[in-house]
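Participant: Provided below are the primary sequence and the corresponding predicted coordinates.
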Amino acid sequence: MAFDEEKLSAFLDGELSPDETRSVEAALEADPALQRRLEDLMAADTLAQREFAAELDEAVPFALAAAIQGAPEAPSKPANSPEPVVTRRSSFGLIAASLAGALAIGGGAGFLAGQNTTPELASAGGGWLEDIADYHAIYAEQVRHLVEVPAEEAAHIETWLSATLETEVRIPDLSGKGLQFEGARLLVAAGRPVAQLVYTDGDRAVVALCQIQSNAPNTEFASRTINAFDMVTFGNDGSNFVVVGDAGRPDLRAIAEDAATQV
Amino acid sequence: MGLVAKISKDEVLSCTQPRPGSKRAGWSVWPVTAGGISAVSSDLKRDLIGLLPRLRRFARSLTRSAPEADDLVQEACLRAISRADQWDPTQPLDRWVFRIMRNLWISELRKNTVRVGQGQVPADEADELRSVDTGEAALAVTEVQSHIARLPEDLSAVLLTVSVEGYSYAEAAELFEIPIGTIMSRIHRARKLLAQAMSDTGGASHGV
């Protein structure tokens, strides 16, 4: 009886029964041509895996991430489930981005017509730093999901975020300040993409360096506190930056100065 | 160059503002409205955004078009968010969204039967990789995919799920709603076509 060639693929995938597996092994042992055909299938599979893996290196369009982040929730919840407690700032902070963009640009006027927009909502989108503080409150508590792309993919992070922000993103080495680079996230603040580079210190406290493209970058270092987080802002040619950490942290200014020499 | 470089800020906004009647490639663009501000399931959204590279890859294997794939991913993610109560958190989120995407795509194909085939040879009858479409969308895919982008669509998605995403034949059969024997046949056919293409371009082949 002719050998069923499809069994070679099923053999590769571990999909055959023990009896079928032994049968294929015996056929392979007896037929060098069949062995070569199996090798061809393995080579094809390796090629496919390599090409499929390469697709993961492509930058995700900002618009796609923003649309998901700003998506409306399910319209109703089960009557017997308690309503989650979500502060206005924290809920707004996560979706401020897209709405703030609509508010800030003339084309948004039509969008807002007839919508139930509150004054706080409209005014809250003014500064990206408030959104950054909201993000930091959420992500700094994450352990397993601290970052979206891990530090091992540093080259990809720089390529991806540079393409997304449309300005160069570099990962500063802050080990001299006791910080280890953990990875990065793409955030949306004030309607625009923000690169968040995440570092941890020896106590696993999180410090983030966030970058947003700007045509009017800051010319000097400035400190402020928002929502229990200290921030030091600075700029370079084409971007604004903020270093964010827990309130009272004494080394943020030094970290910002170190980062500023490398970005 | 990543796809993102082709997206202007206006296009970013186009996904966040309602534009009545706005559609691209047959997929509606979901607007964000002020009325949509509610308790935000940030974990689900965060996890979906983290999955985007793999979701886009699966969508491309179905649609064979980068723009349509991104529209499909967006539609599926928004549906997942709006139906979050239907997700069993003990099950992998990626597989749930893959299923949503596959169902949406099948639904779209049924609505638009013109798209089916598009003059191509049915997957189970193809005996070589299809020629490269010179359209802009196709080029965007083939820049990184070369061989797999030229597999018939029904073969590419099955190969991806089994060979890369780790589905068993039974799991893939359930996802694509086809018999296990058809999964085995398509997997083998995909590998044979790739092996043949490697042979044609100078790689080793032994007459598979």
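Facilitator: Thanks, I have it. Numbering: from 1, shown residues only, chains lettered A, B, ... in the order given.
Participant: just the pLDDT for B:Glu103.
Facilitator: Small correction: residue B:103 is Asn, not Glu. Note on B:Asn103: pLDDT of 93.
Participant: got the CA positions of the helix or strand hosting it in PDB?
Facilitator: Element membership for B:Asn103 (DSSP states H and E) is helix B:93-111. Taking C-alpha atoms only, helix B:93-111 is exported to PDB below (Å, rounded to 0.1, in the frame of the first residue of the first chain):
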ATOM      1  CA  LEU B  93      -7.300  35.500  25.900                       C
ATOM      2  CA  ASP B  94      -5.400  35.200  22.600                       C
ATOM      3  CA  ARG B  95      -7.400  32.100  21.500                       C
ATOM      4  CA  TRP B  96     -10.700  33.800  22.400                       C
ATOM      5  CA  VAL B  97      -9.800  36.800  20.200                       C
ATOM      6  CA  PHE B  98      -8.500  34.500  17.400                       C
ATOM      7  CA  ARG B  99     -11.900  32.900  17.400                       C
ATOM      8  CA  ILE B 100     -13.700  36.200  17.300                       C
ATOM      9  CA  MET B 101     -11.400  37.300  14.400                       C
ATOM     10  CA  ARG B 102     -12.000  34.100  12.500                       C
ATOM     11  CA  ASN B 103     -15.800  34.400  13.000                       C
ATOM     12  CA  LEU B 104     -15.800  38.100  11.900                       C
ATOM     13  CA  TRP B 105     -13.800  37.300   8.900                       C
ATOM     14  CA  ILE B 106     -16.000  34.400   7.800                       C
ATOM     15  CA  SER B 107     -19.000  36.700   8.300                       C
ATOM     16  CA  GLU B 108     -17.400  39.300   6.200                       C
ATOM     17  CA  LEU B 109     -16.600  36.800   3.500                       C
ATOM     18  CA  ARG B 110     -20.200  35.600   3.400                       C
ATOM     19  CA  LYS B 111     -21.400  39.200   3.100                       C
END
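Participant: and that helix, what does it pack against?
Facilitator: Helix B:93-111 makes packing contacts with helix B:42-63, helix B:66-82, helix B:169-176 when contacts are defined by 3 or more Cβ pairs under 8 Å, 6 or more residues apart in numbering or on different chains; DSSP states H and E. In this view, the C-beta of every residue, glycine as well, is placed from N, C-alpha and C.
Participant: return the set of buried residues in the following helix or strand past the last one.
Facilitator: What it means is helix B:169-176. Heading C-terminal from helix B:169-176, the first helix or strand you meet, by DSSP H and E, is helix B:180-200. Using 16 or more other Cβ atoms under 10 Å in any protein chain shown as the test for burial, helix B:180-200 gives B:180, B:182-199.
Participant: for chain A, tell me which of those residues show up nearby.
Facilitator: B:184-185, B:187-188, B:190-192, B:194-195, B:198-199 (Cβ under 8 Å from any Cβ of the partner chain).
Participant: does the one helix or strand A:Leu161 maps to reach chain B?
Facilitator: Per DSSP H and E: A:Leu161 is located in helix A:154-165. Yes: contact of helix A:154-165 with chain B (Cβ under 8 Å from any Cβ) involves A:159-160, A:163-164.
Participant: ok, which pair from those residues is furthest apart?
Facilitator: Using Cβ to Cβ, the residues of helix A:154-165 next to chain B span at most 9.6 Å, a distance reached by A:Thr159 and A:Thr164.
Participant: higher neighbour count, those two?
Facilitator: Of the pair A:Thr159 and A:Thr164, A:Thr164 is the one with more neighbours under other Cβ atoms under 10 Å in any protein chain shown, namely 24 against 16.
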